[in-house]
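Visitor: Got a sequence here, can you build the structure:
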Amino acid sequence: MLELQRPDSLVVRVVSAIRAEIDSGQLAPEARLPTEQQLAEQLNVSRSVVREAIAQLKADGVLTAKRGLGSFISKTPAGTVFRFPEKDGHRPDLAQMFEVRLWIETQAASIAARRRDAGDLQRMKQALQEMHDKRADLDAAALADVEFHRAIAEASKNDYFVAFHDFLRSQLATARKTAWENSASRFASGSADATQEHQALYQAIADGDAQGAAASAEAHLRAAAKRLQLELPATN
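Guide: Numbering: from 1, shown residues only. All right, here's what the predicted structure looks like:
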């Protein structure tokens, strides 16, 4: 019988319980999922909670629906969508996300310095110019910030990294705007620090300096985290 084990939000707990049954082999690929009523009784939650959990698992590619027959475990039960884990029903931990960015984006910048072409550099320059021109418009500036980092992802010539960047983009949209706000209000130099960090990163990539690009990316990410009052751990 399914059992709830984690003290997270009810929907997250139901999703975890169903995934645990799949991982243990109790629910095999293409097997029929118990009905909403059965799951609600087994897990001691409402049917609406079960319904929402099932909807999430379908969206993630873990479950499939067969008209008139119910929900079934998909042929790829691990799912096809990546999600950051939630804790106690809260959004993902921002400090941990920045640490992931630190590990990944420093390497991506290094690779971009080796693989970038004229089009990549032009997209980076346009984003930098947009950040400068729209520095008084925090929403527009944050969007240009995103486009700058996406141009670096594209310069890596790795579609998987671009896809992961786009996923992070939605997760970090608010954080980027907050960083710009903090930079403008808490620091005497305003957003000039972030602009200089981006310029240094661009120049290293343009120069084909892989080591310098990685160092500039790390310096920028640590400074951006600090503007959000986050202190990232050392990488060595």
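
Visitor: C-alpha only now, for contacts and for neighbours.
Guide: OK.

Visitor: The strand or helix carrying residue 104: how far from the chain's middle?
Guide: Using DSSP states H and E, residue 104 falls within helix 94-115. With C-alpha atoms, centre = their mean, to the nearest Å as the basis, helix 94-115 stands 12 Å off its chain's centre.

Visitor: packing partners for it?
Guide: Applying 3 or more C-alpha pairs under 8 Å, 6 or more residues apart in numbering; DSSP states H and E, we find helix 94-115 packed against helix 138-155, helix 192-206, helix 210-227.

Visitor: Could you find the closest non-adjacent residue to residue 161?
Guide: Distances taken as C-alpha to C-alpha, 6 or more residues apart in numbering put residue 153 closest to residue 161, at 6.3 Å, once the chain neighbours are dropped.

Visitor: so that neighbour sits right up against residue 110, yeah?
Guide: No. Applying C-alpha atoms under 8 Å as the test, residue 153 and residue 110 come out as separate, 10.7 Å apart.

Visitor: Helix or strand with the lowest mean pLDDT in this structure?
Guide: helix 159-186 (a mean of 68; mean pLDDT, DSSP states H and E).

Visitor: Just the pLDDT for the residue lying farthest from the centre of the chain.
Guide: In the chain, the residue that sits farthest from the middle, by C-alpha atoms, centre = their mean, is residue 68; the gap is 35.9 Å. Note for residue 68: predicted pLDDT of 84.

Visitor: you'd agree it is in a helix?
Guide: No. Counting by DSSP: H, G, I helix; E, B strand; the rest coil, one finds residue 68 to be coil, located in no helix.

Visitor: Over to it: give its phi and psi.
Guide: Main-chain torsions, residue 68, degrees, to the nearest 10: phi 80, psi -10.

Visitor: Tell me how far it lies from residue 35.
Guide: Taken as C-alpha to C-alpha, to the nearest Å, the spacing of residue 68 relative to residue 35 amounts to 12 Å.

Visitor: okay, which residue is most central for this protein?
Guide: The chain has residue 168 as the residue nearest its centroid, 2.6 Å off, counting by C-alpha atoms, centre = their mean.

Visitor: which ones are touching that residue?
Guide: Going by C-alpha atoms under 8 Å, 6 or more residues apart in numbering, residue 168 touches no other residue.

Visitor: same thing with residue 47?
Guide: 36, 37, 39, 40.

Visitor: Looking at the residues you listed, state which has the most neighbours.
Guide: Ranked by the number of neighbours (other C-alpha atoms under 10 Å), those place residue 39 first, at 21 neighbours.

Visitor: Tell me which helix or strand that residue sits in.
Guide: For residue 39, the element it lies in under DSSP H and E is helix 36-43.

Visitor: Which elements pack onto that helix?
Guide: Short answer (3+ C-alpha pairs under 8 Å, 6+ apart): helix 36-43 packs on helix 47-59.
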